[in-house]
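Novice: okay, sequence plus prediction incoming.
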Protein chains: 2
Amino acid sequence: MTRTPPEPDAATRVAVSTVIFTLRRMPHAERAAVVLPLVRRTRDPFEGRWALPGGWLDVTEGLDAAASRTLAETTGLAPSYLEQLYAFGDVDRSPTRVVSIVYWALLRSDEVDAQLAEHAARGDAPENVSWFDAASLPPLAFDHNQIVDYALWRLRNKVGYSRIAHGLLPDAFTLGELREVNESILGRRLDPANFRRQAEASGTLIPTDAFRTGSHRPARLYRYNRDVELAERGPLLPAGSPASPSPEGIHA
Amino acid sequence: MTRTPPEPDAATRVAVSTVIFTLRRMPHAERAAVVLPLVRRTRDPFEGRWALPGGWLDVTEGLDAAASRTLAETTGLAPSYLEQLYAFGDVDRSPTRVVSIVYWALLRSDEVDAQLAEHAARGDAPENVSWFDAASLPPLAFDHNQIVDYALWRLRNKVGYSRIAHGLLPDAFTLGELREVNESILGRRLDPANFRRQAEASGTLIPTDAFRTGSHRPARLYRYNRDVELAERGPLLPAGSPASPSPEGIHA
DNA sequence: CCAAAAGTGTTCTGGCTACACCCATGA
DNA sequence: TCATGGGTGTAGCCAGAACACTTTTGG
């Protein structure tokens, strides 16, 4: 820290953006698609192009809070899982100098409709927002295509060693539903028998006494054990610290 | 992006800091210790305390470049591996609002002495810098203790699935030396026989015709295969893209 | 010759895969 | 009854752990 602080007019601004994924069941499609909301830009750099939801960092809020706030302001959505992805700060990634702290998030499929319906009922439905299949995006503003690709890579990675998939499911779910989420993210079929054993052995699932009926043989409903995932988190945060969440994501 | 840009005087400043590890052989110690350089603060917030090397982000440089530059300016060191760690931006982590983009880095043990000797010869030896055992740090400035803990966690994690250890070794090394690096980072003994097979099977090592003699039976020297690690990287970066390095670290 | 690290071989085990098979339900 | 997904059993394979053993040097 030997340098003097930058001049006030040496404008490096800090933005916060969020790549928020959910699953959408497409009719006639084998698997659900990973989709994300984008916002159409109405201003000069890249006007008319689609961009990640986000906004400027406020001086009075932390980074996590900024991600949640800007996401809500632009899309009306509140994520069920939120984790910092990466800080992008190349000089030429924007006409003006902008450092973007990017988050990635998950939203339970049932919550998407619920939250949007609530906004529609209140008359403050978000504008200029549209949902896109993550696998086939148009050219986005700034470096947002690369950012989405990186977020997708992280999501697929994390599915392998973490029980992140529950961020896309309602509280109670069947093992078949959980498997379908994993299949959608990974893009390939998983053996139902082996998936079941793995999931049960992970210790993160609590079987309930309820069953999902309607189709064929009723399937037992499971709940997610919120205590277990602490082990997956990074360092410290002594199990009850009220301080800022450690780097590794927060659950809503 | 519905909000207006922040006022120029709404001073959220962007700093860049680096946790740079190397190994130090302690006499009479079983394993080498993980050590890192810290800088004694000479200014108001936390004056006199030790802090991570870093500085303010310049408007004309990218984040990676800023990490390298501020690290060189404060400690005179140039890392052999550099990767972004996390962006810290809690409102109360500093008296004034500072968002810190933190990097973590590795430096080959042989390079440490070489680089410091070069600075000493030129008479621009860094001041107020001291090396600390990462396992027993004093209370540092700001939230730097937590940051170091998180960096250590990432380092230990990455050793498991990546061949990151070569960032702490000279170009040519024996499997015994490579194993000792892993043992120092993980803090436990590894079976020499199994470690050898794993390392050989990884495909990342190129055996040379040279041997390290002097102690007992001569040990074959290996070289690191720089082509392989690309697979470990994140997304895209089509194998020859000159653009900014993808999130996942750069090798010097 | 001895100590010690380099390097090889072998066994055991746990986890994962593949796949056969039974169970319970709606239609 | 049949089709379908839920759920169980099991054999094969492979990676890692443990450890016995041989090899090659310096002293």
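Specialist: Alright, I've got the coordinates.

Novice: and the longest helix anywhere in chain A, how far out from the chain middle?
Specialist: Scanning chain A for the helix with the most residues, using DSSP state H, yields helix A:144-161. Relative to the centre of its chain, helix A:144-161 is centred 10 Å away, using CA atoms, centre = their mean, to the nearest Å.

Novice: helices or strands up against it?
Specialist: Applying 3 or more CB pairs under 8 Å, 6 or more residues apart in numbering or on different chains; DSSP states H and E, one finds that helix A:144-161 contacts strand A:13-24, strand A:33-40, strand A:81-88, strand A:98-106, helix A:175-186. C-beta coordinates here come from the backbone N, C-alpha and C atoms, glycine included.

Novice: need the ones you listed in CSV (columns: distance to chain B, mean pLDDT and mean neighbour count).
Specialist: Output for the helices and strands packed on helix A:144-161, formatted as CSV (distance: least, CB to the nearest CB, whole Å; pLDDT from 0 to 100; neighbours: other CB atoms under 10 Å in any protein chain shown):
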stretch, distance to chain B, mean pLDDT, mean neighbour count
strand A:13-24, 6, 97, 24
strand A:33-40, 7, 97, 21
strand A:81-88, 4, 96, 23
strand A:98-106, 5, 98, 26
helix A:175-186, 15, 96, 20
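
Novice: next one: the residue positioned nearest the centre of chain A from residue B:27, what distance?
Specialist: Nearest to the geometric centre of chain A sits residue A:105, at 1.5 Å (CA atoms, centre = their mean). Distance, residue A:105 to residue B:27, using CB to CB, to the nearest Å: 50 Å.

Novice: coming back round to it: residue B:225: which of the helices and strands packed on helix A:144-161 is closest?
Specialist: Nearest of the helices and strands packed on helix A:144-161 to residue B:225, taken as CB to CB: strand A:81-88 at 26.8 Å.

Novice: and the closest one, which strands flank it?
Specialist: strand A:98-106 (antiparallel), strand A:250-251 (antiparallel) (DSSP bridges).

Novice: run the chain-centre distance for it.
Specialist: With CA atoms, centre = their mean, you get 9 Å for strand A:81-88.

Novice: could you list the residues in contact with it?
Specialist: Residues from elsewhere that reach strand A:81-88, judged by CB atoms under 8 Å, 6 or more residues apart in numbering or on different chains: A:18-19, A:63-64, A:67-68, A:99-106, A:143, A:147, A:150-151, A:154, A:164, A:167, A:247-252, B:63, B:84, B:86-87, B:101, B:247.

Novice: one more: stretch A:58-67?
Specialist: Contacts for stretch A:58-67 (CB under 8 Å, 6+ apart): A:16-18, A:54-55, A:57, A:69, A:82, A:84, A:101, A:103, A:105, A:244-245, A:250, B:6, B:10-12, B:87-91, B:97, B:99.

Novice: and the closest residue to residue A:15 other than its chain neighbours, how far from DNA strand D?
Specialist: Leaving aside its sequence neighbours, residue A:15 sits nearest to residue A:100 (CB to CB, 6 or more residues apart in numbering or on different chains; 4.6 Å). Distance check for residue A:100 against DNA strand D: by CB to the nearest atom of the strand, to the nearest Å, it reads 37 Å.

Novice: OK, contacts around residue A:100?
Specialist: With contacts defined as CB under 8 Å, 6+ apart, the neighbours of residue A:100 are A:14-17, A:54, A:87-89, A:93, A:142.

Novice: try it again with 10 Å
Specialist: Neighbouring residues of residue A:100 by CB atoms under 10 Å, 6 or more residues apart in numbering or on different chains: A:13-17, A:52, A:54, A:57, A:85-90, A:93-94, A:142-144, A:147, B:87.

Novice: how about the nearest residue to residue A:182, chain neighbours excluded?
Specialist: residue A:165 (5.4 Å).

Novice: one more: residue A:115?
Specialist: Nearest to residue A:115 is residue A:77, by CB to CB, 6+ apart, at 5.7 Å.

Novice: ok, that neighbour - contacts?
Specialist: A:18, A:20, A:22, A:37, A:53, A:68, A:71, A:105, A:107, A:111-112, A:115-116, A:119, A:126, A:129.

Novice: can we see that at 7 Å?
Specialist: By CB atoms under 7 Å, 6 or more residues apart in numbering or on different chains, the contact list for residue A:77 reads A:20, A:37, A:71, A:107, A:115.

Novice: measure the residue nearest to residue A:182 to DNA strand D for me?
Specialist: 15 Å.

Novice: ok, now which ones touch that residue?
Specialist: With CB under 7 Å, 6+ apart, residue A:165 has these contacts: A:159, A:178, A:181-182.

Novice: confirm that it sits in a strand.
Specialist: No. Residue A:165 sits outside any strand when classified using DSSP: H, G, I helix; E, B strand; the rest coil, being helix.

Novice: what pLDDT does it get?
Specialist: The score at residue A:165 is 91. That number is its pLDDT.

Novice: do the same with residue A:161
Specialist: So, for residue A:161, pLDDT stands at 85.

Novice: got it, and residue A:237?
Specialist: Looking at residue A:237, its pLDDT is 42.

Novice: and residue A:136, by the same measure?
Specialist: On the pLDDT scale, residue A:136 gets 95.

Novice: report whether the longest helix of chain A contacts DNA strand D.
Specialist: No. Helix A:144-161 lies out of reach of DNA strand D by CB under 7 Å from any atom of the strand, never closer than 14.0 Å.

Novice: skipping its backbone neighbours, what lies nearest residue A:145 in space?
Specialist: Going by CB to CB, 6+ apart, residue A:145 has residue A:137 as its nearest residue, at 6.3 Å.

Novice: wait, is that neighbour part of a strand?
Specialist: No. Using three-state DSSP, the assignment for residue A:137 is coil, not a strand.

Novice: return the distance of it relative to DNA strand D.
Specialist: Using CB to the nearest atom of the strand, residue A:137 is found at 30 Å from DNA strand D.

Novice: residue A:81 too?
Specialist: 24 Å.

Novice: dump stretch A:122-131 to PDB, restricted to CA.
Specialist: C-alpha atoms of stretch A:122-131 as PDB (Å, rounded to 0.1, in the frame of the first residue of the first chain):
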ATOM      1  CA  ARG A 122     -48.500  -5.700  -8.100                       C
ATOM      2  CA  GLY A 123     -48.100  -4.200 -11.500                       C
ATOM      3  CA  ASP A 124     -44.400  -3.800 -11.200                       C
ATOM      4  CA  ALA A 125     -43.500  -6.500 -13.700                       C
ATOM      5  CA  PRO A 126     -39.900  -6.200 -14.900                       C
ATOM      6  CA  GLU A 127     -39.500  -4.900 -18.400                       C
ATOM      7  CA  ASN A 128     -37.000  -5.800 -21.000                       C
ATOM      8  CA  VAL A 129     -36.300  -9.100 -19.500                       C
ATOM      9  CA  SER A 130     -36.400 -12.300 -21.400                       C
ATOM     10  CA  TRP A 131     -35.300 -15.900 -20.700                       C
END
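
Novice: can you list contacts of it?
Specialist: With CB under 7 Å, 6+ apart, stretch A:122-131 has contacts from A:35-40, A:42, A:74-76, A:119.
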